[in-house]
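Engineer: Would you be able to build a 3D model of this:
(one chain, ligands or ions: 1)
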Amino acid sequence: EKGKYRHYMQKEIFEQPTVVAQTLRSYVRVVDESVALPQIDFDLSAIKRVTIVACGTSYYAGLVAKYWFEQFARLPVDIDVASEFRYRDPVLEAGGLAIFISQSGETADTLAALRHCKENGQTIAVVVNVPTSSMAREADLLLPTHAGPEIGVASTKAFTCQLAVLAALAAHLAVKRGRMSREEERHVVQQLIETPAALNAALAYDDAIAAMAHLIAPARDVLYLGRGQDYPLALEGALKLKEISYIHAEGYASGEMKHGPIALIDEHVPVIVLAPSGPLFEKTVSNMQEVRARGGKIVLISDAEGLAEAGEGCIATIEMPKVHPLIAPLVYAVPVQLLAYHVACVKGTDVDQPRNLAKSVTVE
Ligand code: F6R
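Structural biologist: Residues are numbered from 1 along each chain as shown. Next up is the predicted model:
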């Protein structure tokens with residue numbers, strides 16, 4: 001079933017253009033270029049607050065969505081990992097929408113958090129890849145991803161499909177709340193429709209990323225830096241690398257570097273910087289200078305404009321297409337997945353079945 005691929009993870013990375021397109025088909029109407037949720041008998045315009053709960057990679061998808069819901073729909077968002085959320089006695093006011101994100105729909109902590117929110121009067125939305133799962137059954141608003149079965153233990157295609165659904169949901173909420181004009185909605189939908197092409201463009205860097213994997217494979221520690229909605233991608237990149245290559249990696253908000261992690265930087269610590277050009281780019285460039293001044297080796301993942309400005313002096317660069325902020329995290333997910341994958345291949349680890357990990361965590 002792996003076909004021409006060596007691993008399920010590799011196959012699943014390459015399936016992303018197809019499964020993201022498949023997922024988006026349920027969330028955008030091509031005819032009038034509008035966003036549409038599969039279940040529209042819900043009036044989401046009255047929502048006062050959003051709570052997002054998930055674990056691991058699904059949590060990082062939620063963290064991206066927090067930036068989107070705040071920026072585009074101007075909704076306040078509280079987000080936590082499920083294992084913390086369920087025991088911290090969160091304040092849940094009436095009129096809240098609680099969103100649970102899960103590939104399996106069975107993660108014990110996330111399910112317990114869902115039930116807690118239900119008992120406390122929240123409207124329950126779930127973004128889930130298994131439509132027959134416990135979470136799907138207990139949802140008021142079911143927002144399925146159509147990633148198909150994910151076999152590799154490290155989540156890849158489920159993550160980008162979660163992001164696709166959350167991007168559509170953010171745009172839907174923005175429209176409902178009068179924060180997004182019809183024109184902007186059309187623009188966003190056009191961008192969403194073009195996402196699979198942008199993912200293909202990102203996948204075209206597979207060989208180049210494979211060729212640079214030997215630069216990362218000998219490292220003992222790797223840092224990932226990102227700002228704004230790319231910060232969760234830095235966390236996700238670090239998680240993927242540690243899961244399958246067993247290299248210690250940390251994701252940091254770029255601006256936090258000088259508050260501690262900069263002490264780690266020397267010529268043995270590669271720093272992967274995720275930074276599309278845009279209003280915050282200059283700030284990231286100065287963070288990169290701080291790394292370089294300490295002998296740090298930078299891999300910059302950016303678009304043509306960003307690479308032209310800051311690519312010089314990096315040990316490697318990866319060029320992404322320039323896309324709307326609602327699409328960028330999906331596109332930037334691809335190089336971080338491929339980098340982790342190829343580093344693991346260089347190290348010869350068991351990519352699909354990394355040690356100590358299970359696909360579905362149904363115990364606390
Ligand atoms: C990472 C990974 C895990 C899961 C987490 C949540 O590659 O796969 O971090 O994302 O265990 O699982 P779900 O999404 O099934 O709730």
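Engineer: Which secondary structure element of the protein has the lowest mean pLDDT?
Structural biologist: helix 281-293 (a mean of 93; mean pLDDT, DSSP states H and E).
Engineer: How far away from the center of its chain is that helix?
Structural biologist: Relative to its parent chain, helix 281-293 has a centroid offset of 23 Å by CA atoms, centre = their mean, to the nearest Å.
Engineer: Buried residues in that helix, which are they?
Structural biologist: Neighbour-count burial for helix 281-293, with 16 or more other CB atoms under 10 Å as criterion, is recorded at 281, 284-285, 287-288, 291. Yep, even glycine has a C-beta here, placed from its N, CA and C like the rest.
Engineer: What is that helix packed up against?
Structural biologist: With contacts taken as 3 or more CB pairs under 8 Å, 6 or more residues apart in numbering; DSSP states H and E, helix 281-293 sits against strand 270-274, strand 297-302, helix 304-310.
Engineer: Quick check: the residue of this structure nearest the ligand.
Structural biologist: G56 (1.9 Å; CB to the nearest ligand atom).
Engineer: Kindly state the pLDDT recorded for that residue?
Structural biologist: G56 is assigned 97 on the pLDDT scale.
Engineer: check contacts around it.
Structural biologist: 155, 239 (CB atoms under 8 Å, 6 or more residues apart in numbering).
Engineer: returning to what we had before: deepest in the core, which of the helices and strands packed on helix 281-293 is it.
Structural biologist: strand 270-274 (a mean of 27; mean count of other CB atoms under 10 Å).
Engineer: Report the rounded mean pLDDT for that one.
Structural biologist: 97.
Engineer: Given it, what are its sheet partners and their directions?
Structural biologist: Its sheet considered, strand 270-274 pairs with strand 221-226 (parallel), strand 297-302 (parallel) by DSSP bridges.
Engineer: tell me the angle it makes with helix 281-293.
Structural biologist: Strand 270-274 and helix 281-293 are oriented at 170 degrees to each other (axes from the mean of the first three to the mean of the last three CA atoms, to 10 degrees).
Engineer: Run through the bridge partners of I318.
Structural biologist: I301.
Engineer: Assess the claim that it and A208 are in contact.
Structural biologist: Yes - counting by CB atoms under 8 Å, I318 sits close enough to A208 to count as a contact (6.8 Å).
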